[in-house]
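Trainee: sequence first, predicted coordinates after that:
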Amino acid sequence: MTSSLSKSETPSGDASNRNILATEVSRRRNFAIISHPDAGKTTLTEKLLLYGGAIQQAGAVKARGEQRKVTSDWMELEKQRGISITSTVLQFKYSNNTINLLDTPGHQDFSEDTYRTLSAADNAVMLEDAAKGLEPQTRKLFEVCRMRKIPIFTFINKMDRPCQEPLSLLDEIEAELGLSTWAVNWPIGSGEFFRGVIDRRTKEVLLFSRAERGQQASELRLNLSDPKLKELVENDALDKALEELELLEEAGSILDVELVHAGELTPVFFGSAMTNFGVRSFLDAFLEMAQQPVSRKTSQGNIDPLDPNFSGFVFKLQANMDPRHRDRVAFIRICSGCFQKDMTVHHARTGKTIRLSRPQKIFGQDRSVVDNAYPGDVIGLNNPGMFSIGDTLYTGRHIEYEGIPCFSPEIFSWLRNPNPSNFKNFRKGINQLREEGAVQVLYDVDQSKRDPILAAVGQLQLEVVQHRLENEYGVETRLEDLGFQVARWIDGGWTALEKIGRIFNCKTVKDSWSRPVLLFKNEWNLNQLVEDHPELELSSVAPVVSGVEPLRL
Ligand code: G4P
């Protein structure tokens, strides 16, 4: 940290503390990457970290991942599956900014955590593979960004490979996501004939020269009017790019940062993460336009990050990050005030007062103790079972952040306990893991079917629950797929459901707050219900419930 508070100072203290807070907030930029597996998230992250000096060599992120598989046995499962479960928050500095990159796990480790991470992000980078355009996981994550109106910056990657027409890629974003676009740069050629990008604002051309695979491509800058350009770029390719740019200009949209911040317009950048082409200019433009930590809704109105009282909320819980100490870590997104090691805060849900004595910053498996942290930052706290997803911590007057909704699960399984003598542990495990947010628990409306239904966003979530039940609670369990893939909550609850009478091709269950949830085998069956009963208002996200005790097994 460039500036910090001394321990004797109170966070709500004097003008100089307020200045430090204002400076630190103005430097903070926090974002998450939303993408489909293979679009290049790891590659782009690595290049960004290289610029920030957080890693020294390309390949370090993957190498770190490899090493983690060996040193961590959270889990055994991680080793068995050869994947990484542990998502991290990476902090790095670049041109006087402190950047927090919140990792959004993908692939098989796609889980509700991936969605929840977006509730802690102020900005999102939507990464697309230029050959594939929008892909399913990106669409799902985009929906969550839209719910929160998060500013979205689009990076269209792999321009060094054959790709779709750039104009079609923009059209797809506009038509499918309903998000306006503004191309900040425009590609000249693609694939084998990719020659670079035209910066639309400076009218400069950033020329691409192919490098060995994995090596950094050189980036030569020339003015668009520079005669040398004609020697370096084929006329056809340049003319095509200029024509397309003219079309964009004629369309008349402008790069309005307010619209970007409202989540209505996305600045679009073309580049190639692997060859490191266009990454630095993307990072510079992103930092210029990205939203700094903004005020957030609480039960007592919006809280500004410059509010001198500390506040934050828990957006993720992670168990067994360090196998040597069966630890659990709660990740807190700081929203206002200064955080200081050893400070005493209130825990809104329980009304308890707690001392935050071992705050950590976590970079992969490496941890360091945090002395000070500011809005936009994320810290990890040891969690001896005290924190749940969405919990608020604060100093000063009582506040509670909005909470994090339950996101639409896509996998549903009965959880069977073949050994009834173990029921007590089974029950304890399920209740605790649900409270932690490891999985959603649904119940059959038929009282005679007492086994819980686990509902998850990704298959791995179920495997983790089974693994933890066995290792931490000593119960072996069996999963039995229900064969459904889509869930919807009903806005009017049981009353609305009763009004429409019997529904076909769908199963009604209740969630942990006794609300009805409809399960469908596929989207087609869901659409059929929507057509038959347009009066029914369905939601793929369950609103947050506060002040009501959930059902326990
Ligand atoms: P992910 O985290 O989004 O899943 O993607 P990741 O970065 O692992 O990239 C997926 C593959 O795409 C990798 O190739 C990576 O090298 C490649 N890639 C990423 N960005 C670019 C790009 O700009 N241009 C080209 N041509 N390829 C790119 P791989 O063969 O699966 O892995 P590796 O052999 O590179 O380790």
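Mentor: Sure, I can see it.
Trainee: state the distance from E176 to R139.
Mentor: Look at E176 and R139: by Cβ to Cβ, to the nearest Å, they are 7 Å apart. Quick note: C-beta positions are derived from backbone N, CA and C, even for glycine.
Trainee: run the chain-centre distance for stretch 336-344.
Mentor: How far stretch 336-344 lies from its chain's middle: 25 Å, per Cα atoms, centre = their mean, to the nearest Å.
Trainee: which bits of the stretch 101-250 of the chain sit near the ligand?
Mentor: On the criterion Cβ under 6 Å from any ligand atom, the ligand has as its neighbours in the stretch 101-250 of the chain the residues 157-158, 160-161.
Trainee: helices or strands next to the helix or strand harbouring W182 in the packing?
Mentor: For W182, the host element (DSSP states H and E) is strand 180-183. Applying 3 or more Cβ pairs under 8 Å, 6 or more residues apart in numbering; DSSP states H and E, we find strand 180-183 packed against helix 166-177, strand 265-270.
Trainee: for this structure, what lies in contact range of the ligand?
Mentor: Residues of the chain lying near the ligand (Cβ under 6 Å from any ligand atom): 35, 37-43, 157-158, 160-161, 272-274.
Trainee: which one among the residues you listed gets closest to N471?
Mentor: N471 lies nearest to P37 out of the residues of the chain next to the ligand, by Cβ to Cβ, at 27.8 Å.
Trainee: ok, the spatially closest residue to R195 that is not a sequence neighbour - how many residues close by?
Mentor: Of all residues not flanking R195 in the chain, I188 sits nearest, at 4.3 Å (Cβ to Cβ, 6 or more residues apart in numbering). Counted by other Cβ atoms under 10 Å, the residues lying close to I188 total 27.
Trainee: quick one, what contacts I188?
Mentor: The neighbours of I188, taking Cβ atoms under 8 Å, 6 or more residues apart in numbering as the test, are 194-198, 205, 233, 237-238, 240-241.
Trainee: V445 too?
Mentor: By Cβ under 8 Å, 6+ apart, the contact list for V445 reads 508-510, 516.
Trainee: over to L442?
Mentor: Neighbours of L442 in contact, by Cβ under 8 Å, 6+ apart: 412, 452-455, 509-512, 517.
Trainee: quick one: the residue in the stretch 451-553 of the chain that the ligand sits nearest to and L229, what's the gap?
Mentor: Closest residue of the stretch 451-553 of the chain to the ligand, Cβ to the nearest ligand atom: G458 (14.7 Å). Counting by Cβ to Cβ, the gap from G458 to L229 is 48 Å.
Trainee: with G429 instead?
Mentor: With Cβ to Cβ as the criterion, G429 and L229 are 66 Å apart.
Trainee: now swap in P187 and tell me
Mentor: Distance from P187 to L229, by Cβ to Cβ: 15 Å.
Trainee: what about those two, which has more around it?
Mentor: Neighbour totals were compared for P187 and L229, and P187 leads with 27 against 19 (other Cβ under 10 Å).
Trainee: hmm, L242 and the more buried one touching each other?
Mentor: No: applying Cβ atoms under 8 Å, one finds P187 not in contact with L242, separated by 11.9 Å.
Trainee: three-state assignment of S253?
Mentor: Following DSSP: H, G, I helix; E, B strand; the rest coil, we place S253 in the coil state.
Trainee: how about the one 10 residues further on?
Mentor: Secondary structure assignment for G263 (three-state DSSP): coil.
Trainee: and the residue nearest to it when sequence neighbours are not counted, backbone torsions?
Mentor: Spatially, and ignoring its direct neighbours in sequence, G263 is nearest to K149 (3.8 Å; Cβ to Cβ, 6+ apart). Dihedral angles of K149 (phi, psi; degrees, to the nearest 10) stand at phi 50, psi 50.
Trainee: next up, the contacts around R29.
Mentor: Contacts of R29 by Cβ under 8 Å, 6+ apart are 97-100, 122-123, 286-287, 290-292, 376.
Trainee: buried subset of these, written for ChimeraX?
Mentor: Listed next is the ChimeraX selection for buried residues among the contacts of R29, using 16 or more other Cβ atoms under 10 Å:
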select :97,98,99,100,122,123,286,287,290,291,292,376
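Trainee: count the neighbours of the residue of the stretch 451-553 of the chain closest to the ligand for me.
Mentor: 21.
Trainee: ok so, going back, mind giving me the PyMOL command for buried ones among the residues of the stretch 101-250 of the chain next to the ligand?
Mentor: A single PyMOL command is used to select the members of these judged buried by 16+ other Cβ under 10 Å:
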select buried, resi 157+158+160
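Trainee: format the residues of the stretch 101-250 of the chain next to the ligand as CSV; extra columns: secondary structure, distance to P105 and pLDDT.
Mentor: Listed next are these as CSV, based on DSSP: H, G, I helix; E, B strand; the rest coil; distance: Cβ to Cβ, whole Å; pLDDT from 0 to 100:
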residue, secondary structure, distance to P105, pLDDT
N157, strand, 19, 98
K158, coil, 21, 97
D160, coil, 27, 93
R161, coil, 25, 94
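Trainee: looking at the residues of the stretch 101-250 of the chain next to the ligand, which is nearest I503?
Mentor: Nearest to I503 among those: N157, at 43.2 Å, using Cβ to Cβ.
Trainee: quick check: the closest one touching F269?
Mentor: No: using Cβ under 8 Å, N157 is not in contact with F269; the gap is 9.4 Å.
Trainee: how about R328, nearest residue that isn't a chain neighbour?
Mentor: Leaving aside its sequence neighbours, R328 sits nearest to N383 (Cβ to Cβ, 6+ apart; 4.4 Å).
Trainee: related to what we said a few turns ago, please pick the buried ones from the contacts of V445.
Mentor: Among those, the ones that count as buried by 16+ other Cβ under 10 Å are 509-510, 516.
Trainee: so which of the residues you listed are in strands?
Mentor: Counting by DSSP state E, the part of the buried ones among the contacts of V445 found in strands is 509-510, 516.
Trainee: in TSV: those residues, plus distance to Q91 and pLDDT.
Mentor: As requested, those are exported to TSV (distance: Cβ to Cβ, whole Å; pLDDT from 0 to 100):
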residue	distance to Q91	pLDDT
V509	41	96
K510	41	95
P516	42	95
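Trainee: where do the helices sit along the stretch 151-300 of the chain?
Mentor: Applying DSSP state H, counting those that start in this stretch to the stretch 151-300 of the chain gives helices spanning 166-177, 228-232, 235-251, 257-261, 279-289.
Trainee: hey, which of these is tucked in deepest?
Mentor: Comparing the helices of the stretch 151-300 of the chain by mean neighbour count (mean count of other Cβ atoms under 10 Å), helix 279-289 ranks first with a mean of 19.
Trainee: contacts for that one?
Mentor: Contacts for helix 279-289 (Cβ under 8 Å, 6+ apart): 29, 31, 44, 47-48, 51, 94-95, 97, 99, 123, 125, 151, 153, 155, 184-185, 199, 206, 219, 257, 260, 267, 269, 271, 273.
Trainee: same thing but 7 Å
Mentor: Residues outside helix 279-289 that contact it (Cβ atoms under 7 Å, 6 or more residues apart in numbering) are 29, 44, 47-48, 51, 94-95, 97, 153, 155, 184, 206, 257, 260, 267, 269, 271, 273.
Trainee: drop anything exposed from those residues.
Mentor: Buried among these by 16+ other Cβ under 10 Å: 29, 44, 47-48, 51, 94, 97, 153, 155, 184, 206, 260, 267, 269, 271, 273.
Trainee: ok, K158 to L479 distance?
Mentor: From K158 over to L479 the distance is 37 Å, taken as Cβ to Cβ.
Trainee: again, but for P384
Mentor: From P384 to L479 the distance is 29 Å (Cβ to Cβ).
Trainee: looking at these two, which is more packed in?
Mentor: Ranked by neighbour count (other Cβ under 10 Å), P384 and L479 place L479 first, with 16 against 9.
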